[in-house]
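Novice: fold the following, please.
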Amino acid sequence: MKKLSKIVIGFAVAAIAATALSGCSSSNKLIISTDLPLQGSAFDSNDSTNKAIELYLEQQGYKAGTYEIAFKSYDNATAAKGSWDDAKCAANAQDHVANKKEVAIMGTYNSGCAKIIAPVVNQAPDGPMLMISNANTNPGLTKTWNEGEPEKYFPTGNRSYARVCTTDDNQGAAAAQFAKQVLKVNSVYVLNDTETYGQGVGQAFTTEAKKQGIKVLSPNAYGEGWDKKQTDYSALFTKIKALKPDMVYFAGIFDNNGGQLTKDKVKILGDNTKVKLMGPDGFTGYPEFNELPEAQGAYLSFAGLSTDLLIANNPNGAGAKFVADYKAKYGSDPVGSYPIYGVAAVQFILKAIAASDGTRKGVRDAVFTGAGVSLTADESVLGKAATIDPATGDINAIDITIEVVKDNKETTVQAWTVQK
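Specialist: Below you'll find the predicted structure:
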């Protein structure tokens, strides 16, 4: 039996926490879960996501239609790695399937972990089991990308994975367009962390950079890999310095020694006004990154709308109210913007449960058959009407935010519309 996180133990209704621990006995009591890295640098953002979901469920009375809802949090990170771990993701996948009253998963945070879990829960004996991610951006989970994708994640032939953020083909393109058109970058060196997500967003950025007329100085279609186990990247940046790039693009996640990479970039190439630095959403939501002196002036992209843009676009909407409620309950704003997208994913999950017969198959079918599930503008924490495409599992919104690190925090620069 999987140990519950502190967020479940803290439920207002003790019986619900106990039920999530022991397995539901009532026929109309179901479990939804999160599967997120709760150790390492990503803890703050993902802890905020769990807290936000707990608050939202509390506001809904732990109900979805006629069903009572319990919540369980899974940790897919290890202390040794300090981030998500392949073996932990594989073990969690088996635990999701074994927990018979668990009908849907909000997660994962990292695309590589999703690619491990998705095909397992897709084959649940009474499934397929629904997954909706708030943060996975690798295109191959829902659309043709690398060989065998996305079909290999759905061995039953029926899709069961969806997401509420846009994908890296859009995020990478937006970043390259912003780099050329706003920052006037003429040359760039791309580095990736060698993981699924990093290579995907690196490939998308590189492809669009070339279309924009930016000279790409790095090798390979997705840039040069950085070794997360290195303690010093001076030699790497000394090599790059000889090529005189206008910008370096970090395609990857901050957990993979992104702090040392950033420090050495500035040490060898100069601060971010001299040689610009840009990264994808794998570097957003990390206070440790934002507080680095070497990170000041770095540009970031986020595969969605930042929380302040969501509020500005609809100041009287459900999202703005929810952020205020979160701050009132927890004493601070959620870390990063993905916690609000976590709540959006749960909104879709609860809609699917309410429309289902309470089985895993029924919950999955509510999303992937017929018209699927939708949120109205009034109810959506994203501030606008939203629909998950039942044919693909992708949300209909293609939103990108450009940010800059300033005064030790992420500051929104602008929303960016991808130019096709």
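
Novice: any weak-confidence spans in the stretch 251-400 of the chain?
Specialist: In the predicted model of the stretch 251-400 of the chain, no residue satisfies pLDDT under 70.

Novice: which residues of it fall in helices?
Specialist: Ranges of helices within the stretch 251-400 of the chain are 258-269, 287-290, 307-313, 318-330, 338-354, 360-368, based on DSSP state H, counting those that start in this stretch.

Novice: can you classify the nearest residue to residue 280 once chain neighbours are set aside by secondary structure?
Specialist: Spatially, and ignoring its direct neighbours in sequence, residue 280 is nearest to residue 201 (4.7 Å; CB to CB, 6 or more residues apart in numbering). Heads up, the C-betas are built off the backbone N, CA and C, glycines and all. Following DSSP: H, G, I helix; E, B strand; the rest coil, residue 201 is assigned to helix.

Novice: and residue 201, what is it in contact with?
Specialist: Applying CB atoms under 8 Å, 6 or more residues apart in numbering, we find residue 201 in contact with 137, 138, 168, 171, 172, 192, 251, 252, 280, 282.

Novice: tally of neighbours for the nearest residue to the second one once chain neighbours are set aside?
Specialist: Closest residue in space to residue 138, ignoring its immediate chain neighbours: residue 111 at 3.5 Å, by CB to CB, 6+ apart. Burial measure for residue 111: 27 neighbouring residues, criterion other CB atoms under 10 Å.

Novice: hang on, residue 111 packs against residue 200?
Specialist: Yes - with contact defined as CB atoms under 8 Å, residue 111 reaches residue 200; the gap is 7.0 Å.

Novice: shared neighbours of the two, anything?
Specialist: With CB under 8 Å, 6+ apart, residue 111 and residue 200 have common neighbours 137, 138.

Novice: tell me where the stretch 101-250 of the chain has helices.
Specialist: Under DSSP H, counting those that start in this stretch, the stretch 101-250 of the chain gives helices at 111-121, 168-181, 196-211, 234-241.

Novice: got the buried residues for the last one?
Specialist: Spelled out, it's helix 234-241. Neighbour-count burial for helix 234-241 flags 236, 237, 240 (criterion: 16 or more other CB atoms under 10 Å).

Novice: same check on the third one?
Specialist: Neighbour counts over helix 196-211 (16+ other CB under 10 Å) mark 196-209 as buried.

Novice: follow-up on the earlier one: any idea of the pLDDT on the residue nearest to residue 138?
Specialist: We note a pLDDT of 97 for residue 111 in this prediction.

Novice: over to residue 22?
Specialist: Reading off the model, residue 22 has pLDDT 29.

Novice: follow-up on the earlier one: the residue nearest to residue 138: what's it in contact with?
Specialist: Residue 111 touches 136, 137, 138, 141, 196, 197, 200, counting by CB under 8 Å, 6+ apart.

Novice: could you find the closest non-adjacent residue to the fifth one?
Specialist: In space, not counting the residues next to it along the chain, residue 196 is nearest to residue 112; the distance is 4.0 Å by CB to CB, 6+ apart.

Novice: spit out the contact partners of the one you found.
Specialist: Applying CB under 8 Å, 6+ apart, one finds that residue 112 lies in contact with 84, 86, 89, 138, 195, 196, 197.

Novice: and for residue 89?
Specialist: Listed by CB under 8 Å, 6+ apart, the contact set of residue 89 reads 35, 76, 108, 112, 113, 116, 117.

Novice: tell me the residue furthest from the middle of the chain?
Specialist: Residue farthest from the centre of the chain, counting by CA atoms, centre = their mean, is residue 242 at 35.1 Å.
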